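Peer 1: I'd like to go over a predicted model; first the sequence, then the structure.
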Amino acid sequence: MKKTALKVSALVLAAALVTGCANTAEMEATANKAAADASAAAAAAESARAAADRAAQAAAAAQSTADQALSAATEAQACCEANRESMERMFQKSMSK
């Protein structure tokens with residue numbers, strides 16, 4: 001009876017060890033997958049940051065171009081007003097003769 005109990009105990013212990021090893025391997029696989037997922041997420045975040053930086057640079061360039069266009073339009077309007085005033089003076093001068 002003692003021998004049978006000892007054999008059963010040994011089998012239970014062996015089964016527990018095998019099951020424990022399988023769980024450890026599963027845990028390692030899960031940890032490795034989590035690490036790979038974290039690495040992929042970090043790479044995606046870095047890519048998104050780089051894209052955001054490029055978008056910010058493009059927006060800054062577009063703003064600069066818009067500012068230059070506004071400046072040119074303002075100068076053109078001032079020139080137009082000066083020409084109109086000059087023509088008005090010439091017209092008034094010719095009408096007064």
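Peer 2: Received the coordinates, thanks.

Peer 1: so where's this protein uncertain?
Peer 2: 1-22, 97 (pLDDT under 70).

Peer 1: would you map the helices across it?
Peer 2: Secondary structure of the chain (DSSP state H): helices at 2-96.

Peer 1: against A42, how distant is the most centrally placed residue in it?
Peer 2: Nearest to the mean C-alpha position of the chain, counting by Cα atoms, centre = their mean, stands A48 at 2.6 Å. Distance of A48 to A42, given as Cβ to Cβ, to the nearest Å: 11 Å. For every residue, glycine as well, the C-beta is placed using N, CA and C.

Peer 1: residues near A34, how many?
Peer 2: 10 (other Cβ atoms under 10 Å).

Peer 1: separation between it and A50?
Peer 2: For A34, the distance to A50 (Cβ to Cβ) stands at 25 Å.

Peer 1: kindly report the same for A56.
Peer 2: According to Cβ to Cβ, A56 and A50 sit 11 Å apart.

Peer 1: do M90 as well
Peer 2: For M90, the distance to A50 - Cβ to Cβ - is 60 Å.

Peer 1: for N32, same thing?
Peer 2: When distance is defined by Cβ to Cβ, N32 is 27 Å away from A50.

Peer 1: what's the answer for A43, then?
Peer 2: Using Cβ to Cβ, A43 is found at 11 Å from A50.

Peer 1: tell me, how many residues neighbour A61?
Peer 2: A61, neighbours per other Cβ under 10 Å, totals 10.
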